[in-house]
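okay, here's the prediction I keep looking at, along with the sequence it came from:
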Amino acid sequence: PPWPPALGRVADSGPQQVAMANVSAELMWPIVRDQSCFAIKRKVTGRSGMGKAGPRFTKEPNNVTGINSFKYSGLVNAKTVGLRQANKGVVLTKKTRKPERLIHPSKLYNNVSLTKDFRRVANAIIKETQANYYRADLTKDVLAKWSLIHAAQKRSK
């Protein structure tokens with residue numbers, strides 16, 4: 001059958017597949033913002049500048065700061081950058097741009113292992129985010145996270 005199927009289902013006898021919906025990030029964010037399972041909500045007692053709601057953080061993947069905002073969201077943005085610790089070095093994760101990989105969730109992310117010294121990893125991060133015109137606005141945040149991970153890896157040796 002031609003892809004995508006008429007009602008989102010493949011009409012064969014194999015396992016059922018559903019076509020992913022093309023929804024804009026601006027439409028998805030109000031839904032995910034408060035209802036995500038990754039959201040961390042803590043109420044603050046007494047006076048604070050944030051009101052009683054308290055600070056809003058998140059544990060979602062590919063969110064380099066942990067702040068629950070549209071700019072840093074790893075769930076709704078089309079281009080996301082994530083950095084996680086590996087045994088040696090870090091793993092830089094980006095969402096793919098290829099449309100044929102967008103319908104396969106297991107192939108949606110590109111992982112790059114960075115295992116060189118501090119300066120070379122920092123230059124690779126700049127090259128992948130800023131010089132590649134991917135997410136230049138997140139470059140400073142990813143470099144800050146790399147600095148924290150590198151310091152923690154130096155302490156553990």
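Arrived safely, thanks for sending.

next one: the one residue sitting closest to the centre of the chain from Asn68, what distance?
Computing the C-alpha centroid of the chain and ranking residues by C-alpha atoms, centre = their mean puts Asn62 first, at 2.2 Å. Using C-beta to C-beta, to the nearest Å, we find Asn62 at a distance of 13 Å from Asn68. Bear in mind the C-beta positions are built from the backbone N, C-alpha and C, glycine included.

then Ile126?
If you measure Ile126 against Asn68 using C-beta to C-beta, the figure is 26 Å.

pull the distance from stretch 31-41 to the chain's centre.
From the chain centre to the centre of stretch 31-41 is a distance of 14 Å (C-alpha atoms, centre = their mean, to the nearest Å).

buried set for that stretch?
By 16 or more other C-beta atoms under 10 Å, the buried positions in stretch 31-41 come out as Val32, Arg33, Ser36, Phe38.

ok, and for stretch 107-124, which residues are buried?
Buried residues in stretch 107-124, defined by neighbour count with 16+ other C-beta under 10 Å: Tyr109, Leu114, Val121, Ala122, Ala124.

what's the farthest-apart pair in the buried residues of stretch 31-41?
By the measure C-beta to C-beta, Arg33 and Phe38 form the most distant pair in these, at 11.0 Å.

do you know the pLDDT at Gly51?
pLDDT for Gly51: 65.

Val90 pairs with what?
The residues paired with Val90 through beta bridges, assigned by DSSP bridges, are Gln85, Leu114.

and it, how many neighbours?
For Val90, the tally of surrounding residues (other C-beta atoms under 10 Å) stands at 23.

ok, it - contacts?
For Val90, the set of contacting residues under the criterion of C-beta atoms under 8 Å, 6 or more residues apart in numbering consists of Leu83, Arg84, Ser113, Leu114, Val121, Trp146, Ile149.

got these as TSV, with distance to Arg97 and pLDDT columns?
Putting the contacts of Val90 into TSV (distance: C-beta to C-beta, whole Å; pLDDT from 0 to 100) gives the following:
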residue	distance to Arg97	pLDDT
Leu83	19	96
Arg84	21	95
Ser113	20	96
Leu114	20	96
Val121	23	96
Trp146	23	96
Ile149	26	95
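
possible to save the residues you listed as a markdown table with distance to Arg42?
What follows is the contacts of Val90, written out as a markdown table (distance: C-beta to C-beta, whole Å):
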| residue | distance to Arg42 |
| --- | --- |
| Leu83 | 25 |
| Arg84 | 24 |
| Ser113 | 35 |
| Leu114 | 33 |
| Val121 | 33 |
| Trp146 | 27 |
| Ile149 | 25 |
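
thank you kindly, that will do.
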